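*Asks:* how would this look folded up:
(one chain, ligands or ions: 2)
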Amino acid sequence: MAVIEINHPLIQHKLTHLRNKDTDTKSFRENLTEISKLMTYEVTKNLVLEEIEVETPLMKTIGYTLGKNIAVVPILRAGIGMVDGLVSLIPNAKIGHIGVYRDEETLQPVYYYCKLPVDIDKKQVILVDPMLATGGSAIYAIDYLKNAGVKDIVFMCLVAAPEGIAKVLQTHPDVSIYTAKIDQGLDKNGYIYPGLGDCGDRIFGTK
Ligand code: PRP
Ligand code: URA
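*Replies:* Ligands and ions are numbered 1, 2, ... in the order given. Okay, the predicted model is just below:
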């Protein structure tokens with residue numbers, strides 16, 4: 001499929017606040033929510049619409065509706081920071097959770113939790129995680145969703161490393177990746193640079 005870098009000035013402005021190491025927890029959360037909301041416009045561009053009839057003050061006409069068949073699935077923990085922005089624009093979306101953390105030594109994904117909406121196999125899934133680094137967590141979550149029968153997945157992240165993008169596209173060529181920025185690469189600890197540090201810790205104030 002495709003890799004789409006959403007180079008909107010508002011998004012790049014807010015991302016710069018997130019990168020700043022002096023940005024506090026409150027401001028970090030607010031900016032992440034706002035970016036997620038702005039990205040939603042682009043990410044939902046190809047959503048399937050249902051035709052409905054609507055009656056204007058003048059006549060009956062054809063209108064469109066969406067929302068019933070959309071699921072937003074954050075990868076825990078940091079993905080939670082993107083959910084409010086998405087559902088503020090898609091209020092009927094169902095929400096699933098996949099808990100995967102990255103082992104600090106091996107950088108391999110470690111599974112610990114999953115709860116998905118019923119009929120997930122019939123839904124269009126927007127999988128969200130702010131950070132795409134080695135790609136291990138995203139690939140694990142996409143594998144999980146496909147094993148649950150999901151056929152239509154897009155992945156939305158904030159910052160992506162070229163290494164992670166390449167791995168996801170190689171493993172799951174049918175999944176489009178939307179990101180606010182493709183960064184330079186990974187450092188020796190598997191962190192994205194310039195990146196913004198540990199996103200989960202910055203959202204939840206755990207370090
Ligand atoms: C971070 C991030 C991704 C993952 C990306 O989560 O939110 O899930 O690392 O790295 P990868 O592409 O190399 O897999 P982390 O493991 O720090 O867990 P957390 O969200 O609970 O802090
Ligand atoms: N996880 C993060 O939170 N940040 C990175 O740079 C890489 C993985």
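*Asks:* ok, the closest residue to Lys94 other than its chain neighbours - contacts?
*Replies:* By the measure of CB to CB, 6 or more residues apart in numbering, the closest residue to Lys94 outside its immediate chain neighbours is Pro117, 3.8 Å from it. All C-beta atoms are positioned from the backbone trio N, CA, C, and that covers glycine. By CB atoms under 8 Å, 6 or more residues apart in numbering, the contact list for Pro117 reads Ala71, Lys94, Ile95, Gly96, Lys123.
*Asks:* Between all of the residues you listed, which two are at the greatest distance?
*Replies:* The distance between the two most remote of the contacts of Pro117 (CB to CB) is 11.0 Å, for Ile95 and Lys123.
*Asks:* tally of neighbours for Gln12?
*Replies:* For Gln12, the neighbour count with other CB atoms under 10 Å is 13.
*Asks:* can the longest helix anywhere in the chain be found next to ligand 1?
*Replies:* Of all segments of type helix in the chain, defined using DSSP state H, the longest is helix 25-43. No. Remark: helix 25-43 sits outside contact range of ligand 1, by CB under 6 Å from any ligand atom, the gap being at least 11.6 Å.
*Asks:* does ligand 1 sit close to stretch 120-137?
*Replies:* Yes. Applying CB under 6 Å from any ligand atom, one finds stretch 120-137 touching ligand 1 at Asp129, Pro130, Met131, Leu132, Ala133, Thr134, Gly135, Gly136, Ser137.
*Asks:* list the buried ones in that stretch?
*Replies:* Within stretch 120-137, the residues that qualify as buried are 120, 123-137, counting by 16 or more other CB atoms under 10 Å.
*Asks:* and this structure, which residues reach ligand 1?
*Replies:* Going by CB under 6 Å from any ligand atom, the residues of the chain near ligand 1 are 75-78, 101-102, 107, 109, 129-138, 164, 190, 198-200.
*Asks:* what's the burial count for Val3?
*Replies:* Neighbour tally, Val3, other CB under 10 Å: 16.
*Asks:* which ones are touching it?
*Replies:* Ala160, Ile165, Leu169, Ser176, Ile177, Thr179, Ile182 are the contacts of Val3 under CB under 8 Å, 6+ apart.
*Asks:* Which strands and helices lie in contact with the strand or helix carrying Gln170?
*Replies:* Assigned by DSSP states H and E, Gln170 belongs to helix 162-171. Applying 3 or more CB pairs under 8 Å, 6 or more residues apart in numbering; DSSP states H and E, one finds that helix 162-171 makes contact with strand 131-132, helix 136-147, strand 176-182, strand 185-186.
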